[in-house]
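Novice: Sequence and computational prediction follow.
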Amino acid sequence: MTTFEFNQQVPIEFGIGALDKLPQIITRLQGTKGLIISTKSMIQNGTVAKIKEQNPTLQEVFYDIQPNPTIQNTQDCVDLLREEQYDFAIALGGGSVLDAAKVAAVLAPSTASVQTYFDGQYILEKAGLPLIAIPTTAGTASEITKVSVLTDTVSGKKAPLNDALLYASYALIDPLLTVSCSQKVTATSGIDVLAHSLEALYNVKHQPFTDLFAKHAARLVFDYLPKAYDHPEDITVRTKMAEASVAAGMAFNLTQTAAAHACSYPLTEQLGVPHGEACAFTLPAFWVHNATNAQDDGRLEAISRELGFNNAHHLAQAVEKLKAHLQLRTTWAELGVTTDAELQRIVDDSFSGNMLNNPVAFTPETLFEFYKGI
């Protein structure tokens, strides 16, 4: 008998022009002094100035968040929230900004450091500062998930933090904010949506409602990501990709990610591959491997047909074709991996916790052989 729990805690305001609803949301959250956590690009393109003009409760901008946010990045943000006694925050940016802001907001009222939380030495016990999450990419869905991914530059470890207290207080999703994304960001964030959806579908924690959202997201990505890449000013296409990102988030927020994400971390840490591209690198191979070897009575083959493909191999070929269209790398040589020793180092760092969500178990030996086949 199927048993499951479906829970989505974050209120969502979605649509073209949704950013104009921000003053009402701040009032609803009773914010009186807010920090904007964002990026230099959002300052340079005038978005931050527009938000500050419409919302006098927003005092300052913290923009020192780098791609793949670090413990120190996040700690600097925590320190500012504490020192200036902010009572709420706005996160305006891509997944890196949102991930760092979620951790900063939840830790700000405490005395804990980001390092102790990352290391598992501090357990969250209560909600942090109210946080309004405003994504500027269609990719991570961090605005609606309870996951943040940080990197410890000292140990080299990149890992997801997963806790219900990491949920934002509100998600405000305006597809107009994604129009300024470069082709590269559109490609890497968009393919991350596909990874979220396909991994949620083959995940051992999948359930009927996560399947619904994941299949919807995957269909949208196959249809609209090439168009978003080719026609970045098309707001209808951008809206569909924003919808896909949210739908995939509704799925993987509950299932978590699986093998493709676990294997992406060393590609990013060791080789500097952007997160979405790193996830997509192994994604089609894992889809076929799981469809072929998982004890699921042909479930993934059936889902492949539901999504409009002949079988799992046909779906994987479509992913490879999409990656080529987006000019993403598809071979180890393109990533700079040319020896077995280099490949072994990647294998050694591929066993983060979400690898356990894969329906087919891997050992270091079998994963090395799997990698050799890509």
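Specialist: Ah, there it is. Numbering: from 1, shown residues only.
Novice: Heading C-terminal from whichever helix in the chain runs longest, find the next helix or strand.
Specialist: What stands out as the longest helix in the chain, according to DSSP state H, is helix 208-230. Using DSSP states H and E, the next helix or strand after helix 208-230 towards the C-terminus is helix 235-255.
Novice: Please export the C-alpha coordinates of the longest helix of the chain as CSV.
Specialist: The C-alpha coordinates for helix 208-230 follow below in CSV (Å, rounded to 0.1, in the frame of the first residue of the first chain):
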residue,chain,number,x,y,z
PRO,A,208,2.4,10.1,-6.5
PHE,A,209,2.2,13.9,-6.0
THR,A,210,6.0,14.4,-6.4
ASP,A,211,5.7,12.4,-9.7
LEU,A,212,3.0,14.7,-10.9
PHE,A,213,5.1,17.8,-10.4
ALA,A,214,8.3,16.2,-11.7
LYS,A,215,6.7,15.0,-14.9
HIS,A,216,5.1,18.5,-15.5
ALA,A,217,8.5,20.1,-14.9
ALA,A,218,10.3,17.8,-17.3
ARG,A,219,7.8,18.3,-20.1
LEU,A,220,8.2,22.1,-19.7
VAL,A,221,12.0,21.9,-19.8
PHE,A,222,12.1,19.7,-22.9
ASP,A,223,9.7,22.1,-24.6
TYR,A,224,10.9,25.5,-23.4
LEU,A,225,14.5,25.5,-22.4
PRO,A,226,15.9,25.5,-26.0
LYS,A,227,13.5,28.4,-26.7
ALA,A,228,14.6,30.3,-23.7
TYR,A,229,18.2,29.8,-24.7
ASP,A,230,17.6,30.9,-28.3
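Novice: Give the buried residues for that helix.
Specialist: Residues of helix 208-230 classed as buried: 210-211, 213-222, 224-226, 228-229 (neighbour count, 16 or more other C-beta atoms under 10 Å). C-beta here means a position set from N, CA and C on the backbone, and glycine is covered the same way.
Novice: One more: stretch 85-98?
Specialist: Applying 16+ other C-beta under 10 Å to stretch 85-98 flags 86-98 as buried.
Novice: quick check, residue 160 in a strand?
Specialist: Yes: secondary structure of residue 160 (DSSP: H, G, I helix; E, B strand; the rest coil): part of a strand.
Novice: circling back to that earlier point, tell me what angle the longest helix of the chain forms with helix 235-255.
Specialist: 150 degrees (axes from the mean of the first three to the mean of the last three C-alpha atoms, to 10 degrees).
Novice: Narrow the buried residues of stretch 85-98 to those in strands?
Specialist: 88-93 (DSSP state E).
Novice: Please enumerate the strands of the chain.
Specialist: 12-14, 34-37, 58-62, 88-93, 131-135, 147-152, 157-162, 170-173.
Novice: May I see the ones you listed organised as TSV, with distance to residue 350 and mean pLDDT added?
Specialist: Shown next, in TSV, are those (distance: least, C-beta to C-beta, whole Å; pLDDT from 0 to 100):
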stretch	distance to residue 350	mean pLDDT
strand 12-14	33	97
strand 34-37	31	98
strand 58-62	33	93
strand 88-93	28	98
strand 131-135	28	98
strand 147-152	15	93
strand 157-162	12	88
strand 170-173	31	97
